[in-house]
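Enquirer: could you look at this predicted model? Sequence included:
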Amino acid sequence: MTMVPKHIPKTIALVGLMGAGKSAVGRRLAARMGLPFIDADTAIEEAAGCTIEEIFARHGEPEFRDGERRVIQRLLESEPLHVLATGGGAFVNVQTRARLKQHAVTIWLRADLETLLERVAKRSNRPLLKQGDPRAVLEKLIADRYPIYAEADIVVDTAPGPVEETVDRVLAALTGFLDREETLTERTAAS
Ligand SMILES: Nc1ncnc2c1ncn2[C@@H]1O[C@H](COP(=O)(O)OP(=O)(O)O)[C@@H](O)[C@H]1O
Ligand SMILES: O=C(O)C1=C[C@@H](OP(=O)(O)O)[C@@H](O)[C@H](O)C1
Ligand SMILES: [Mg+2]
């Protein structure tokens, strides 16, 4: 079993496209790390008192993004250290991205189109995928968003296979990243 990092300095935030596994991996990752798990989409639904689909239908995407920005800011600034699964568009919003970069270690769960399509087919609660053919929608989002997700601190490829395998890869990548950061901090302090 992969080692869990000894010292976790910040909240761990997962970013990436719909179906990458942010919610599923985030929940398991938090359990492995002994940290609370928060799904930003669930927190938005609780704050709004309705589902994400209802927010999109009643108020439109810009208002959803605004709520998403406020909820994620609140979680990052007021909740104790946790594992945060963001919704796929959160990191694309300039202000939300800035907050995430400031308060969290950001991890991009990267997946290819076929993997995403297979995984999003399990649930039909994603309004953006109902705006057209899901393959075409996801292809466009890959083109638009992958350069932005690439700004995350860490990139982990999620391949076919069990969720736990992705969690192991995330833990290994996170341990490497935090070790490098710690070494850098020590060197800076010593110089
Ligand atoms: N290796 C894997 N990594 C992540 N998710 C996986 C994997 N294999 C299967 N899945 C499934 O794919 C789906 C991913 O959906 P979800 O976690 O909601 O993604 P997101 O929150 O990124 O939109 C879940 O049903 C999850 O169980
Ligand atoms: O990519 C997006 O813009 C969205 C992704 C969804 O979350 P998941 O990525 O967890 O599916 C949810 O926030 C909303 O439907 C919009
Ligand atoms: Mg999710």
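Expert: Thanks, I have it. Ligands and ions are numbered 1, 2, ... in the order given.

Enquirer: what stretches of the protein score poorly on pLDDT?
Expert: 1 (pLDDT under 70).

Enquirer: what sits against the closest residue to ligand 3 within it?
Expert: Taking Cβ to the ion, ligand 3 has its nearest neighbour within the chain at residue 23, 3.3 Å off. Placement of C-beta: from N, CA and C, glycine included. Shown in contact with residue 23 (Cβ atoms under 8 Å, 6 or more residues apart in numbering): 39, 41, 85.

Enquirer: now intersect the residues you listed with the helices, please.
Expert: Among those, the members found in helices (DSSP state H) are residue 41.

Enquirer: does ligand 2 have contacts with the one helix or strand the residue of the chain closest to ligand 3 maps to?
Expert: Assessed by DSSP states H and E, residue 23 sits inside helix 22-33. Yes - Helix 22-33 reaches ligand 2 (Cβ under 6 Å from any ligand atom) through 22-23.

Enquirer: and the longest strand along the chain, which strands flank it?
Expert: Longest strand in the chain, counting residues (DSSP state E): strand 104-110. Taking DSSP bridges as the criterion, strand 104-110 pairs within the sheet with strand 11-15 (parallel), strand 154-157 (parallel).

Enquirer: hmm, who's touching the longest one?
Expert: Spelled out, it's strand 11-15. By Cβ under 8 Å, 6+ apart, strand 11-15 touches 22, 25-26, 29, 33, 35, 76, 79, 81-86, 88, 90-91, 100, 103-109, 149, 152, 174.
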